[in-house]
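Peer 1: Show me how the following folds:
(3 chains)
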Amino acid sequence: MTVPVSWYLLLAVMLFAIGAAGALTRRNGIAIFLSIELMLNAANLSLVAYGRVVAERTMDLASAHTAQIIVFFVLAVAAAEAAVGLALFIAVYRKRRTIDVDRLNLLRW
Amino acid sequence: MTPLTHPTGSDLMQLAPELILTGAGVLILLVDAFLPGLKRLATPLALAAIALAAVLAWFGVPVGVSFGGLLESTGITAILGLAILLAAFLCVLASHGYLRREEIFGGEYHALLLWCTVGLLLMTRATELLTIFLSLELLSVCLYSLAGYHRRLTVATEGALKYFLMGAFVSAFALLGIVFVFGQAGTTRVAELTAMLESGVEIDPLLTLGILALVAAFGFKMSLVPFHAWSPDTYQGAPTPFVAFLSVAPKVASAVVLIRLLSLVLPGPTGARWSALVALLAVLAMVVGNLLALVQQDIKRMLAYSGIAHMGYLLIPLVALDESSWWPVVVYLLAYTLMNAGAFVIIALLYARAGEQHLISELSGWGYRFPLLGICLTICMLSLGGIPPTLGFLGKYLVFTHAIEHDLLWLAVVGVGTALIGVFYYLRVVYTLYMKAEVRAPEGLLIDSWGRVAAVIATVGVLILGMWPGRLLDWIGRAIASSF
Amino acid sequence: MESYLPILVFVVVAILFVAAALIAARLFRRIGSGSLDRQPYECGNEPESFAHDHQFSIRYYLIAVLFVVFDVETIFLFPWAVMFDRLALFGFIEMMVFLAILVVGYIYVWNRGALNWA
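Peer 2: Predicted structure coming up:
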């Protein structure tokens, strides 16, 4: 017996929701960013699962490969984003000694 | 196993402008690192690369689909590509003096700007969802870094961090949208999606949800109303000449992607609901943008909110989306590029203290002290307000007539009404320039000829194309006609 | 379901091992030897200060960020290596261009002194 694909999708959606909730409620900038990374990885998990669904539906293994290749690109993109984000965190921390987003309030209309 | 296909020479020719810009960025970075004495060359190098890319984009890129359907080149993408390159050109011109004045001149700035332009050009032409996502990320990462480029300033890093956190959050939703579309449709190619949706298969709710997530992501880049919170903060903190780029180029490219996405769903059975959604977004952007712009004291924040309103006008032709919608959209985007970039270029020249507020009242009486820049700023403001005989008027006129022709009189009425609010706050800037007594002495300004040239290019474009639009409209008409 | 049996065995053994180790430690340790038990283990040396008082050098974060980027980019080498035969010369050139861009980034970082620890 194998694990049904819908379970993977359910897990992925749950992870995505946890990430989104974390990104919206946390106040520490790094914690927000970690939550966003969780969302990206949830999307990756669902991509791989969907790749298999589509491959079974169309009887063509290429779809599964497409999904896996997309995951590779997303990983690389996430790393680049993380690098820029962490650099910004360092820059802000040097100036303000905090990365609590509620206290980054110089800019208000 | 499916056979492998290698890109052909024609495919590479399609990428020529992007390759030039990427290579120039690498070159500028290396010159800056190894020959610090020549770092000032970054400005002419970047300008030359952008000009070459523009020539190639217009004359060299063959029309058609390339890389097995990943990219497409049409007359429309060529014109909008030129608009993006124009924004980059004006930004580089205006940045020279600003970066010298703030003592932050570095090749990284120009390199990141060129790579960001590459992402934008690819995004206007991408017809496959992963390609769209990758170019979106390429340009986003460059924009985040550039927004925080003036890292001595607390507001700059703070604005950039906010932009980054919101942008990354939205990117995750865009990715989830792509996953849902792929999972339900089994393809990421826009052409195959169109064929599938036209064949009349039942649309899965998840597919709709996926496209909705993508629309939201590009709405964020265009700073449409529920997703606009980043733009005033980021504009205020970012280097002002870079805002000339940030406030126009990403919006041009995102508008194209938005139209591609909407053309998928608008003809379908749920089209009416999508139309209503777009109309709602347009009204929200016009009303909220104009009302919030009205109460701003800081000219950068005022233009940020007015930019939100302009994207609302741009959405009006998309409510009844067909081939005729391209006409007002392209003209409006061109007008917006020239007048908004022009306004920010002049603001970059006229305000010396980068970290502080750019109060409108500080411009009091400066129309006489700086006659050329005063006239240029006046014309840009009149154009943003949609007053004839400027290009901004032409854009608004085409947008509203398109709405009336498609039985959307109420939307045109809302548009005209909110535009009148806009006229008020744009004219307030002109009034301050000429009718008030000076309140500050011009200290610490660095108004160089690069910056003046940028201001004049934008202003002359707005004015000449607005007064004699015949040739421009012919040109755009031919390009649009050749795209279908 | 039978294919999951080894995993079940593995999980049970892992739990038993941890439980056994903790119970054995509880049985054999001396009780109530004072505050020394609660100090962090530092090879017999007296701890000098609290861990929270120490700030890491900013270099540490810089190198960590660079590592993240360069580490993950190698992900593209794997599918290329697997398909090396079929991608042939064009794939080789393409990968060399990709690596050249990475090397430019590396040279830039090096030149800017981001890799100097001092």
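Peer 1: Poorly predicted segments of the chain, please.
Peer 2: Looking at chain A here, since you left the chain open. A:1, A:104-109 (pLDDT under 70).
Peer 1: um, chain C though
Peer 2: For chain C, applying pLDDT under 70 flags the ranges C:1-2, C:31-56, C:118.
Peer 1: and the longest helix for the chain?
Peer 2: Going with chain A. Secondary structure assigned by DSSP state H gives helix A:62-96 as the longest helix of chain A.
Peer 1: wrong chain, I was asking about chain C
Peer 2: Assignment by DSSP H; longest helix in chain C turns out to be helix C:84-111.
Peer 1: Nearest residue to the middle of chain A?
Peer 2: Nearest to the mean C-alpha position of chain A, counting by CA atoms, centre = their mean, stands A:Leu40 at 1.7 Å.
Peer 1: ok, now which ones touch that residue?
Peer 2: A:Leu40 makes contact with A:Val74, A:Ala78, B:Ser171, B:Ala172, B:Leu175, according to CB atoms under 8 Å, 6 or more residues apart in numbering or on different chains. C-beta coordinates here come from the backbone N, C-alpha and C atoms, glycine included.
Peer 1: three-state assignment of it?
Peer 2: helix (DSSP: H, G, I helix; E, B strand; the rest coil).
Peer 1: Over to the one 3 residues further on?
Peer 2: Look at A:Ala43: counting by three-state DSSP, its state is helix.
Peer 1: What is the burial count for B:Ala481?
Peer 2: 11 (other CB atoms under 10 Å in any protein chain shown).
Peer 1: ok, now B:Leu445?
Peer 2: By other CB under 10 Å, the residues close to B:Leu445 number 13.
Peer 1: Closest residue of chain B to chain C?
Peer 2: Closest to chain C within chain B is B:Ala33: 4.2 Å, counting by CB to the nearest CB.
Peer 1: what about the closest residue to that residue other than its chain neighbours, distance to B:Leu38?
Peer 2: Nearest residue to B:Ala33, sequence neighbours excluded (CB to CB, 6 or more residues apart in numbering or on different chains): C:Asn111, at 4.2 Å. Distance, C:Asn111 to B:Leu38, by CB to CB, to the nearest Å: 14 Å.
Peer 1: The two - which one has more neighbours?
Peer 2: C:Asn111 (15 against 12).
Peer 1: Might one say that that one is in contact with B:Val31?
Peer 2: No - C:Asn111 lies out of contact with B:Val31 (CB atoms under 8 Å); the separation is 11.4 Å.
Peer 1: Now the residue of chain A found nearest chain C. Nearest residue, chain neighbours left out?
Peer 2: Proximity to chain C, evaluated over chain A using CB to the nearest CB, is greatest for A:Ala79 at 3.6 Å. Using CB to CB, 6+ apart and skipping residues adjacent in sequence, the residue nearest A:Ala79 is C:Val72, 3.6 Å away.
Peer 1: need the contact list for that neighbour.
Peer 2: When the contact criterion is CB under 8 Å, 6+ apart, the partners of C:Val72 are A:Leu75, A:Ala76, A:Ala78, A:Ala79.
Peer 1: Go again with 10 Å.
Peer 2: Counting by CB atoms under 10 Å, 6 or more residues apart in numbering or on different chains, C:Val72 makes contact with A:Phe72, A:Leu75, A:Ala76, A:Val77, A:Ala78, A:Ala79, A:Ala80, A:Ala82, A:Ala83.
Peer 1: Repeat that for B:Ala253.
Peer 2: Taking CB under 10 Å, 6+ apart, one finds B:77, B:80-81, B:83-84, B:117, B:119-126, B:132, B:135-136, B:139, B:218, B:221-222, B:333 in contact with B:Ala253.
Peer 1: So which of those are in helices?
Peer 2: B:77, B:80-81, B:83-84, B:117, B:119-125, B:132, B:135-136, B:139, B:218, B:221, B:333.
Peer 1: What count of nearby residues applies to the nearest residue in space to B:Ser324 that is not next to it in sequence?
Peer 2: Once flanking residues are discounted, B:Ser324 sits nearest to B:His402: 6.7 Å by CB to CB, 6+ apart. Using other CB under 10 Å, B:His402 has 24 other residues around it.
Peer 1: C:Arg30 is in what secondary structure piece?
Peer 2: Counting by DSSP states H and E, no helix or strand carries C:Arg30.
Peer 1: Confirm B:Phe242 sits in a helix?
Peer 2: Yes - under three-state DSSP, B:Phe242 sits within a helix.
Peer 1: pretty sure it contacts B:Glu102?
Peer 2: No - judged on CB atoms under 10 Å, B:Phe242 makes no contact with B:Glu102 at a distance of 11.6 Å.
Peer 1: Mutual contacts of those two, please.
Peer 2: Common contacts of B:Phe242 and B:Glu102 (CB under 10 Å, 6+ apart): B:Tyr149, B:His150.
Peer 1: what's the domain layout of chain C?
Peer 2: Per automatic domain parsing, the structural domains of chain C span C:2-50, C:58-111.
Peer 1: Deepest-packed of those, please.
Peer 2: Of these, the one with the most neighbours on average (mean count of other CB atoms under 10 Å in any protein chain shown) is domain C:58-111, at a mean of 14.
Peer 1: how far does that one stretch from start to finish?
Peer 2: Terminal residues of domain C:58-111 are spaced 18 Å apart (CA to CA, to the nearest Å).
Peer 1: can you pull out the helices in chain C?
Peer 2: For chain C, the helices defined by DSSP H cover C:5-28, C:58-73, C:77-82, C:84-111.
Peer 1: Now do the contacts for the closest residue to chain B within chain C.
Peer 2: Across chain C, no residue is closer to chain B than C:Asn111, which sits at 4.2 Å (CB to the nearest CB). C:Asn111 is in contact with B:Leu29, B:Leu30, B:Asp32, B:Ala33, B:Phe34, B:Pro36, counting by CB under 10 Å, 6+ apart.
Peer 1: my guess is B:Val330 contacts B:Ala479, does it?
Peer 2: Yes - at 7.8 Å, B:Val330 and B:Ala479 qualify as touching, with contact defined as CB under 10 Å.
Peer 1: Common neighbours of these two, please.
Peer 2: Common contact partners of B:Val330 and B:Ala479 (CB under 10 Å, 6+ apart): B:Gly75, B:Ile76, B:Ile79, B:Leu80.
Peer 1: Rebuild these as a markdown table, extending it with pLDDT.
Peer 2: Output for those, formatted as a markdown table (pLDDT from 0 to 100):
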| residue | pLDDT |
| --- | --- |
| B:Gly75 | 91 |
| B:Ile76 | 93 |
| B:Ile79 | 94 |
| B:Leu80 | 95 |
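Peer 1: Contact residues of chain A facing chain C?
Peer 2: Listed as neighbours of chain C in chain A under the rule CB under 10 Å from any CB of the partner chain: A:1-3, A:65, A:68-69, A:71-73, A:75-80, A:82-87, A:89-90, A:93-94.
Peer 1: could you redo the last one with a cut-off of 7 Å?
Peer 2: Chain A comes close to chain C at residues A:Met1, A:Phe72, A:Leu75, A:Ala76, A:Ala79, A:Ala80, A:Ala82, A:Ala83, A:Leu86, A:Ala87, A:Ile90, as judged by CB under 7 Å from any CB of the partner chain.
Peer 1: next one: chain B
Peer 2: Near chain C, when you scan chain B using CB under 7 Å from any CB, you find B:Leu4, B:His6, B:Val26, B:Leu29, B:Leu30, B:Ala33, B:Phe34.
Peer 1: picking up where we left off before, could you check how far the residue nearest to the centre of chain A is from A:Val5?
Peer 2: Counting by CB to CB, the gap from A:Leu40 to A:Val5 is 20 Å.
Peer 1: Ok, B:Ile457 next?
Peer 2: Taking CB to CB, one finds B:Ile457 at 56 Å from A:Val5.
Peer 1: how close does whichever residue of chain C sits closest to chain A sit to B:Leu175?
Peer 2: Proximity of chain C to chain A (CB to the nearest CB) peaks at C:Val72, 3.6 Å away. Distance of C:Val72 to B:Leu175, given as CB to CB: 16 Å.
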